[in-house]
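need a 3D model of the sequence below.
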Amino acid sequence: MDCLFCKIIAGEIPSTKVYEDDDMYAFRDINPEAPCHVLVVPKTHIPSMDGVNAENSAVVAKIFEKIPEIARLGGCENGYRVIANCGPDAGQTVMHLHFHILGGTVLPIHIVPEK
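Okay, the predicted model is just below:
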């Protein structure tokens, strides 16, 4: 499999680990958009949010249970934002489900314009 995040999880590509357990790996984004910018990925390859199903949703639930701890470990002290892009139109560039944790500063509010 030629998945960037699978290679990072396997240790084939270096990363700055923030947290790891049997089900997930969290690491610092190489192009941070905030002082605290951590990516959390399931170790099981799930291409995107569209791939979450009854067989793998437990790992996604576990990720959300751990996000507060991972955010603190990553340096988010006064709140944080969690983002998951799904598909190219949403800006997903790596087709492995991942969650961005952003914080460490006051984040701008993005408003989606009405059509």
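
all helices of the chain, in order?
4-9, 57-74 (DSSP state H).

tabulate those helices in CSV, adding columns for distance to residue 15, mean pLDDT and mean neighbour count.
C-beta coordinates here come from the backbone N, C-alpha and C atoms, glycine included. Output for these, formatted as CSV (distance: least, CB to CB, whole Å; pLDDT from 0 to 100; neighbours: other CB atoms under 10 Å):
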stretch, distance to residue 15, mean pLDDT, mean neighbour count
helix 4-9, 5, 98, 18
helix 57-74, 13, 98, 16
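
closest one to residue 19 among those?
With CB to CB as the criterion, residue 19 lies closest to helix 57-74 of these, at 4.8 Å.

ok, and what's touching that closest one?
Helix 57-74 is contacted from outside by 18-19, 21, 23-24, 26, 28, 36-38, 40, 42-44, 46, 52, 80, 82, 97, 99, 101, 103, using CB atoms under 8 Å, 6 or more residues apart in numbering.

before we move on, what about stretch 80-97?
Stretch 80-97 is contacted by residues 3-6, 36, 41-42, 45-52, 60, 67, 71, 98-103, 107 when judged by CB under 8 Å, 6+ apart.

buried ones from those residues, can you make that a ChimeraX selection?
To isolate the buried members of these in ChimeraX, using 16 or more other CB atoms under 10 Å:
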select :5,6,36,41,42,45,46,48,52,60,67,71,98,99,100,101,102,103
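
the contacts of stretch 80-97 in strands, which ones?
36, 41, 42, 99, 100, 101, 102, 103 (DSSP state E).

pLDDT and distance to residue 14 added to those residues, as a markdown table?
A markdown table is the format used below for the ones in strands among the contacts of stretch 80-97 (pLDDT from 0 to 100; distance: CB to CB, whole Å):
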| residue | pLDDT | distance to residue 14 |
| --- | --- | --- |
| 36 | 97 | 20 |
| 41 | 98 | 15 |
| 42 | 98 | 20 |
| 99 | 98 | 21 |
| 100 | 97 | 20 |
| 101 | 98 | 20 |
| 102 | 97 | 22 |
| 103 | 97 | 24 |
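
give me the spatial nearest neighbour of the residue most central in space within the chain, chain neighbours excluded.
Central residue of the chain (CA atoms, centre = their mean): residue 99, 2.3 Å from the mean position. Nearest non-adjacent residue to residue 99, counting by CB to CB, 6 or more residues apart in numbering: residue 40, 4.6 Å away.
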